[in-house]
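Q: need a structure here:
(chains A and B)
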Amino acid sequence: MAQFMDRTTAGLTIGFASVAILGVLVLPDWLMSQILIAFSRALAVLGLLVLWRTGLISFGHALYFGLGAYTVALLGKDLGITEVLITLPAAALVASVVGFGLGFVIRKYREIFFAMLNLAFSMVLFGILVKTEALGSTDGFSVEQPTLFGMGTDDSTAKLTSLFLGICAIGWIASVLVHRYLGSVLGSLTTAVRDNEIRVEYLGYSVAQAIHGKYVMSAALTGLAGGFTALALGQVDPESMVNWTVSGELVFVTVLAGPGSVAAPFIGSLVFELLRTYAFELVPYAWQLIVGGTLLVVIFFLPGGLWSLIARIGGGRKTGQRGTTAGTTAGTTAGTSAGEAGR
Amino acid sequence: MDLVLTILVEGLGYASYLFIVSLGLTIIFGVLKILNVAHGAFFAWGAYSCAFLIGEFSVMGVSDIGTMIAIPIAALVVGVVLGSAIERTIIRNLYGRDEVIIVLATFGLFLVLEDVILLVFGVDPYFAFQPTLAIPGVQIGGIYQDGYKLTMIALSLVVGLISWLVLNRTHWGKVVSAIIFDSELAVAMGVNVKRVFYVVFLAGAILGALGGAYIAPTISVSPGFGVEVIVLSFAVVVIGGMGSIAGAAIGALMVGMLRAYAVLQWPEIELFVVYAVMAAVLIFRPEGLFAPAKARKI
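A: Next comes the predicted model:
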């Protein structure tokens, strides 16, 4: 279906490459670390985007975020493994194994029940972590210095630069892969499942398996995101990694970014991070007001999220007509048209 | 024996205000099919207004027992004013959108209202203990029990009974049931569905605010405490079955007892026992333990 180098892939390649080059040559350290945090979270949002295209929203992906973060931290703390080529895949692996197991139960649910069941599971992990003294309880514990090919560095600028380049590379690979996946037959089932499950079954595909696959995929991406965030912050704790507020943030960024393109999570996440920094400085008591207000504005006036703005400016509409014809319903779900535009 | 009694009374007290709050949540969901996250804001606003009023009354020289009048005032004012404002501006424009989108919108609303509380009432906690002094404690089985807590249990019984009577024994209740069953057909029969939605939403809002107002004298009313309650009342409603009064009662009892037991006997599991039960209920009986039977429509 997708050619080897379509428009989106080319755009992603150019985008990530220029961010990486800009970061190393021009951008100040504080901005680099914000991009690092933002892009780490964007990996999780990418996972939620796959689910959202299927019509599902999870209020509990902090479960996988936390699993990823604690996997990286624990490998360093208990086993002395700090090699990122081992710890980061391990984070994704642990999250996807748990996601695979819970998926058998979760794939039966839709809408609010899907969201709530995820919430319940994530709160169980939160409760366990908060009460476990060995893992630092509410304080958490710090992450060992990461190494790459056995090399580590104490120089904070060098560490930041390498993590930054790492997240740019991983972000590029992940978004291209997800993009290719969404263009494949299995990936096309996302919108199809959302629009009409019975028809999908008639076409000979298993809805349960399709959802299960996407769920595991989102779990793996979120685990990876958690692992990277743990490395970036150098610290893991339940409150900022596993609590339901984290799930809420992830969902918020997903809605803010819009389901239109795999690039949207990265842009949305960066906007969110910058917004948060400046909001805290300017109006310290109104952060929730801003987040909540933005959410309402997006839902009422910009159902396709920030990406729909970009798509409109960039003339994405024209390619939108050429895109898949299947599954453009009357626009009950946000961003359907924008969603097609990204193909 | 003492321990069992303590857990029972603690659990009942906790369950009773959870029940009042969850009842509001569950009737809104049952009729409007909206899972209203902003319900936590009704609760918090009720508590803050009540604590504020009690403080003012106390300064004006009203007796301790007299300050209790602040509870119904706060519940009604918050429920009607805030409920109307939200229904008219936000909820009304969301009917027919995706369920999940509605949840997100009410979540946004909840965040906004939480911060408006900070702007209006400030960040310092409020203490309004006067009503608890007014009601004498009693000895049950040799253990001293707080009298105010016992009135809370009584109130929840009364509220539950009234709701049940209204829904099952009045013309109005029958109209509501008709809408729950099939709102399009209700419209065809001449029911003003929008008005019923409005009134039900207000009733739910008042109940949410009442829960907050009644609990306010027993706690320090401080920022962010609406969050825990809203997540717990979700658990209550999910366990009991969304849209069922009996379900809300059973769910609240289960959550209250479990928590009281965990707090007193097994603190390690306190934080997640409720969610574990909620997950188990969702897995084995996703419609909840006491969900009203649904007719299958084709």
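
Q: Against A:Y181, how distant is A:G47?
A: Distance of A:G47 to A:Y181, given as C-beta to C-beta, to the nearest Å: 11 Å. Just so you know, the C-beta spots here come from the backbone N, C-alpha and C atoms, and that holds for glycine as well.

Q: So if I had to pick from those two, which one is more boxed in?
A: A:G47 (33 against 18; other C-beta atoms under 10 Å in any protein chain shown).

Q: The residue lying closest to B:Y126 once chain neighbours are set aside: neighbour count?
A: In space, and not counting its chain neighbours, B:Y126 is closest to B:A51: 3.8 Å by C-beta to C-beta, 6 or more residues apart in numbering or on different chains. Residues lying near B:A51 (other C-beta under 10 Å) number 26.

Q: List the single closest residue to the closest residue to chain B within chain A in space, sequence neighbours excluded.
A: Taking C-beta to the nearest C-beta, chain B has its nearest neighbour within chain A at A:G127, 2.6 Å off. With sequence-adjacent residues excluded and distances taken as C-beta to C-beta, 6+ apart, A:G127 is closest to B:F272, at 2.6 Å.

Q: again with B:D64
A: B:A134 (3.8 Å).

Q: A:G99 too?
A: According to C-beta to C-beta, 6+ apart, the nearest residue to A:G99 is A:A219 (2.7 Å).

Q: do B:I135 as well
A: B:G147 (3.7 Å).

Q: looking at chain A, which residue ends up farthest from its center?
A: A:Y202 (31.6 Å; C-alpha atoms, centre = their mean).

Q: picking up where we left off before, burial count for the residue nearest to A:G127?
A: B:F272, neighbours per other C-beta under 10 Å, totals 24.

Q: ok, it touching A:T132?
A: No. Judged on C-beta atoms under 8 Å, B:F272 makes no contact with A:T132 at a distance of 11.4 Å.

Q: and the longest helix along chain B, which residues are buried?
A: Longest helix in chain B by number of residues (criterion: DSSP state H): helix B:2-32. Neighbour-count burial for helix B:2-32 flags B:6-32 (criterion: 16 or more other C-beta atoms under 10 Å in any protein chain shown).

Q: name the helices or strands packed onto it?
A: Packing partners of helix B:2-32 (3 or more C-beta pairs under 8 Å, 6 or more residues apart in numbering or on different chains; DSSP states H and E): helix B:39-60, strand B:143-145, helix B:147-169, helix B:171-181, helix B:193-215, helix B:225-240, helix B:245-265.

Q: Centre of the chain to it, how far?
A: The chain centroid and the centroid of helix B:2-32 are separated by 8 Å under C-alpha atoms, centre = their mean, to the nearest Å.

Q: pLDDT on it, on average?
A: Across helix B:2-32, pLDDT averages out at 85.

Q: same question, stretch A:199-213
A: 83.

Q: Please apply the same query to stretch B:186-195.
A: Per-residue scores along stretch B:186-195 average to 83.

Q: Next, the distance between the ends of it.
A: The first residue of stretch B:186-195 is 12 Å away from its last residue (C-alpha to C-alpha, to the nearest Å).

Q: And that stretch, what's buried?
A: B:186, B:191, B:193.

Q: Just the closest of those residues to chain A, please.
A: Nearest to chain A among the buried residues of stretch B:186-195, with distances taken as C-beta to the nearest C-beta, is B:V193, at 20.2 Å.

Q: dump the residue contacts of that closest one.
A: B:179, B:183, B:186-187 (C-beta atoms under 8 Å, 6 or more residues apart in numbering or on different chains).

Q: List just the nearest of these to chain A.
A: B:S183 (17.5 Å).

Q: which ones are touching residue 107?
A: As the question left the chain open, I've gone with chain A. A:208, A:211-212, A:215.

Q: right idea, wrong chain: chain B
A: A:248, A:292, A:295, B:37-38 are the contacts of B:F107 under C-beta under 8 Å, 6+ apart.

Q: Tell me which helix or strand it sits in.
A: Per DSSP states H and E: B:F107 is located in helix B:99-121.

Q: Tell me what angle that helix forms with helix B:39-60.
A: 20 degrees (axes from the mean of the first three to the mean of the last three C-alpha atoms, to 10 degrees).

Q: For chain B, which residue gets nearest to chain A?
A: For chain B, C-beta to the nearest C-beta, closest residue to chain A: B:F272, 2.6 Å.

Q: how far away is that residue from A:L67?
A: 15 Å.

Q: returning to what we had before: quick one: pLDDT of the residue nearest to B:D64?
A: pLDDT, read off for B:A134, is 73.

Q: Please tell me how far it sits from B:A213.
A: From B:A134 to B:A213 the distance is 16 Å (C-beta to C-beta).

Q: Look at these two and report which has more neighbours.
A: Higher neighbour count among B:A134 and B:A213: B:A213, with 34 against 16, using other C-beta under 10 Å.

Q: avg pLDDT for stretch B:113-122?
A: 84.

Q: Now do the same contact list for the residue of chain A closest to chain B.
A: Neighbours of A:G127 in contact, by C-beta under 8 Å, 6+ apart: B:269-273, B:275.

Q: Surely it is within a helix?
A: Yes. According to DSSP: H, G, I helix; E, B strand; the rest coil, A:G127 belongs to a helix.

Q: Report pLDDT for it.
A: So A:G127 comes in at 83 (pLDDT).
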